[in-house]
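Chemist: pasting the structure only:
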């Protein structure tokens, strides 16, 4: 992986492309989400986990992360893969990690969670920070 920050990085990428055999696949991605966005995302997950119950049950921030990433993927038409649970007790969503989201995708996800939170009575611990991170 190479992140294009300098002219030298770009020159190295060109050199790699020029040396690559025919049929080589190259993937370009938008800049990865920021640390500020990630911090806000986890603060929001904490607020949700502390305040929201589903069918009377509490869930961890990690569980809400999976639920929000899956719902966001469904909402935006992104592919969701599900794997069978090892003991055949259901299905497990598999797919994107929040660490692989771009700045734009994380902004959209934060906005989506803010809207969901408004509909579900979530009081954000840092509402200004949520808007700044989006």
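Modeler: Cool, the structure landed. Since the structure is predicted, the reported quantities are computational estimates derived from the model, not experimental observations.
Chemist: contacts, neighbours, all on C-alpha from now
Modeler: OK.
Chemist: give me the low-pLDDT residue ranges for the protein?
Modeler: By pLDDT under 70, the low-scoring segments of the chain are 95-96, 127-134.
Chemist: residue boundaries of the helices in this structure?
Modeler: Assigned helices in the chain, in chain order: 7-19, 35-51, 61-76, 103-119, 127-133 (criterion: DSSP state H).
Chemist: Need the ones you listed in CSV (columns: distance to residue 90 and mean neighbour count).
Modeler: Output for those, formatted as CSV (distance: least, C-alpha to C-alpha, whole Å; neighbours: other C-alpha atoms under 10 Å):
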stretch, distance to residue 90, mean neighbour count
helix 7-19, 44, 12
helix 35-51, 23, 18
helix 61-76, 15, 16
helix 103-119, 26, 17
helix 127-133, 34, 15
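Chemist: Relative to residue 28, which of the ones you listed is closest?
Modeler: For those, distance to residue 28 was read as C-alpha to C-alpha. The smallest value, 11.0 Å, belongs to helix 7-19.
Chemist: just to revisit the earlier point, would you format the helices of the chain as JSON lines with distance to residue 91 included?
Modeler: Output for those, formatted as JSON lines (distance: least, C-alpha to C-alpha, whole Å):
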{"stretch": "helix 7-19", "distance to residue 91": "40"}
{"stretch": "helix 35-51", "distance to residue 91": "22"}
{"stretch": "helix 61-76", "distance to residue 91": "13"}
{"stretch": "helix 103-119", "distance to residue 91": "23"}
{"stretch": "helix 127-133", "distance to residue 91": "32"}
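Chemist: To residue 27, which of those helices lies closest?
Modeler: Go through the helices of the chain one by one with C-alpha to C-alpha and the one that ends up closest to residue 27 is helix 7-19, at 11.3 Å.
Chemist: which residues sit against stretch 27-37?
Modeler: When contacts are taken as C-alpha atoms under 8 Å, 6 or more residues apart in numbering, the neighbours of stretch 27-37 outside the stretch itself are 99, 100, 101, 102, 103, 104, 105, 106, 107, 133, 134.
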